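J.: model this:
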Amino acid sequence: MKIRHLRNATMVIEAKEQFILVDPMLGEKGTAGPPFTLFRFKPKRNPILDLPNNAMDIVNKTTHCIITHLHPDHLDKKAEKFLISNNIPITCSIKDEQILRKRGLNVVETVDYWKESDFLGGTIEGIPARHGYGFVAKPMGNVMGFFIQLPNEKTIYLSADTIYTENVDKVLKQFKPDINVVACGTAQLDIFKPLLMTMDDIITFTKNSSGIVIANHLEAVNHCPTTRTQLANEFKRHGLLAKARIPNDGETIEIE
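T.: Residues are numbered from 1 along each chain as shown. All right, here's what the predicted structure looks like:
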């Protein structure tokens, strides 16, 4: 298996003949929407940088797509056009099915929370995700993480945009995924509590992961202040750097 990190939460899971695109934001710099914050962090239109040069060579191989939720930094207009024009099969939360079908996307499978479904010869299970601490999680809407088991491949947990919850803890300790993908940008709007795990909870996530941890949601949108260097320093300070991967945009992680 190869994990090809492209930008923000956009990645491609390459497993034998399958190229599974996750949370595609494919537009050029500044095209996904206005700044998510104006005062707390420097206002810049999102995404704040372009895709790496090799991104579309990989994206054009897509055989399937998984969408964790509908925010524009996880599914933008250019991605929708790509998915529609290529009739890419989509797997998503049962709560997002109706909206995606209305937009013209080819939803072939919906997933419910804590229910295992067939997926590309293996299985996929929906994991509850909570997009923020306190009140802000409600307006941020529903998000679904996924636990994926493909035939003869390492298991992978896409935790999606979430804080550390009992559900996340359960997956890490009971399912024991081989690969754990976690949003590490410590996102926050101008008001309300953080939208993603704080650094303390990222460390807890990593400590409780039995497999490797792949960090994403870094240095791509204006409300995520944490840099790769800061994250690496924190992992090093807690003795966790060996089990963590912090890929640059366009980097491929090969899973043995």
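J.: any idea where the strands of the stretch 1-150 of the chain begin and end?
T.: In the stretch 1-150 of the chain, the strands defined using DSSP state E, counting those that start in this stretch lie at 2-7, 10-15, 18-22, 64-67, 89-93, 106-111, 116-119, 122-129, 143-149.
J.: So for L231, which of those sits nearest?
T.: The closest of those to L231 is strand 2-7. By C-beta to C-beta, the value is 13.7 Å. C-beta here means a position set from N, CA and C on the backbone, and glycine is covered the same way.
J.: Tell me what angle the closest one forms with strand 18-22.
T.: If you take axes from the mean of the first three to the mean of the last three C-alpha atoms, to 10 degrees, strand 2-7 sits at 30 degrees to strand 18-22.
J.: Show me what counts as buried in strand 2-7.
T.: Using 16 or more other C-beta atoms under 10 Å as the test for burial, strand 2-7 gives I3, R4, H5, L6, R7.
J.: So which other helices or strands are in contact with it?
T.: Where contact means 3 or more C-beta pairs under 8 Å, 6 or more residues apart in numbering; DSSP states H and E, strand 2-7 is packed against strand 10-15, helix 55-59, strand 212-216, strand 252-254.
J.: Partner strands of the first one and their direction?
T.: What that stands for is strand 10-15. Partners of strand 10-15 in the sheet, by DSSP bridges, are strand 2-7 (antiparallel), strand 18-22 (antiparallel).
J.: hmm, who's touching it?
T.: 1-6, 19-26, 58-59, 61-62, 74, 120, 148, 150, 153, 156, 181, 216 (C-beta atoms under 8 Å, 6 or more residues apart in numbering).
J.: From these, list just the buried residues.
T.: Taking 16+ other C-beta under 10 Å as the criterion, what is buried in the contacts of strand 10-15 is 1, 3-6, 19-26, 58-59, 62, 74, 120, 148, 150, 153, 156, 181, 216.
J.: Can you name the element that comes right after the helix or strand containing L231?
T.: When elements are assigned from DSSP states H and E, L231 belongs to helix 228-237. Sequence-wise, the next helix or strand downstream of helix 228-237 (DSSP H and E) is strand 244-245.
J.: next one: that next one to chain centre, how far?
T.: 15 Å (C-alpha atoms, centre = their mean, to the nearest Å).
J.: Also stretch 221-228?
T.: That offset, for stretch 221-228, works out to 15 Å (C-alpha atoms, centre = their mean).
J.: mind checking the end-to-end distance for that stretch?
T.: 13 Å (C-alpha to C-alpha, to the nearest Å).
J.: Could you list the buried residues of that stretch?
T.: Neighbour-count burial for stretch 221-228, counted by 16+ other C-beta under 10 Å, picks out V221, N222, H223, C224, P225, T226.
J.: Now do it: everything it contacts.
T.: By C-beta under 8 Å, 6+ apart, the residues outside stretch 221-228 that reach it are 8, 32, 35-37, 40-48, 73, 184-189, 195-196, 199, 215, 217-219, 246, 248.
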